[in-house]
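1. heads up, no residue letters with this:
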């Protein structure tokens, strides 16, 4: 019974896939989402709004590290009470290299909000 269920699940999963893509087959509902929202809910304009909001904190330093192929700035956000100190431990978080990697952004966004919040 267990093996039959697994086979049926795999078979129905394969049947639901519709379009070939370099990373595999993309199901139709996901294709519709991609067509409707190329930024997956968080575009470059949204990033600029957040950078302005985060930049209001005395603990935040924002720098540009370069530019993308679309000539958009690559941003570095430093959160520290003493950013010039070389004895501080450092943690580097790289998020959202590609548009579909929204999970890494949402985790990073919450880490930033937690670090900048008034509550410990």
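-> Everything's here; your move. Because the structure is a prediction, the values reported are computed rather than measured.
2. need the strands for the protein, in chain order.
-> Ranges of strands in the chain, per DSSP state E, are 17-21, 24-27, 60-67, 73-79.
3. Got the domain ranges for this protein?
-> Structurally, the chain divides into domains by automatic domain parsing as follows: 2-36, 44-116.
4. quick one: which of these has the weakest pLDDT on average?
-> For those, the weakest mean pLDDT is recorded on domain 2-36, namely a mean of 52.
5. Tell me the bridge partners for the closest residue to residue 47 other than its chain neighbours.
-> Leaving aside its sequence neighbours, residue 47 sits nearest to residue 75 (C-beta to C-beta, 6 or more residues apart in numbering; 7.3 Å). (Each C-beta comes from the backbone N, C-alpha and C, glycine too.) Beta-bridge partners for residue 75, by DSSP bridges, are residue 64.
6. Quick check: the gap between residue 75 and residue 101.
-> Distance of residue 75 to residue 101, given as C-beta to C-beta, to the nearest Å: 16 Å.
7. With neighbour numbers in mind, choose between these two.
-> residue 75 (15 against 11; other C-beta atoms under 10 Å).
8. May I ask you to confirm that residue 77 is in contact with residue 57?
-> No - with contact defined as C-beta atoms under 8 Å, residue 77 does not reach residue 57; the gap is 10.1 Å.
9. Those two: which has the busier surroundings?
-> More neighbours surround residue 77 than the other of residue 77 and residue 57, with 15 against 12 (other C-beta under 10 Å).
10. Show me which residues of stretch 52-71 are buried.
-> Neighbour counts over stretch 52-71 (16 or more other C-beta atoms under 10 Å) mark 54, 60 as buried.
11. do you know how far the closest residue to residue 76 other than its chain neighbours is from residue 45?
-> Spatial nearest neighbour of residue 76, chain neighbours left out: residue 63 (4.7 Å); criterion: C-beta to C-beta, 6+ apart. Noted for residue 63: a distance of 20 Å to residue 45, by C-beta to C-beta.
12. swap in residue 113?
-> 19 Å.
13. Between those two, tell me which one has more neighbours.
-> Between residue 113 and residue 45, residue 113 has the larger neighbour count (other C-beta under 10 Å), namely 12 against 9.
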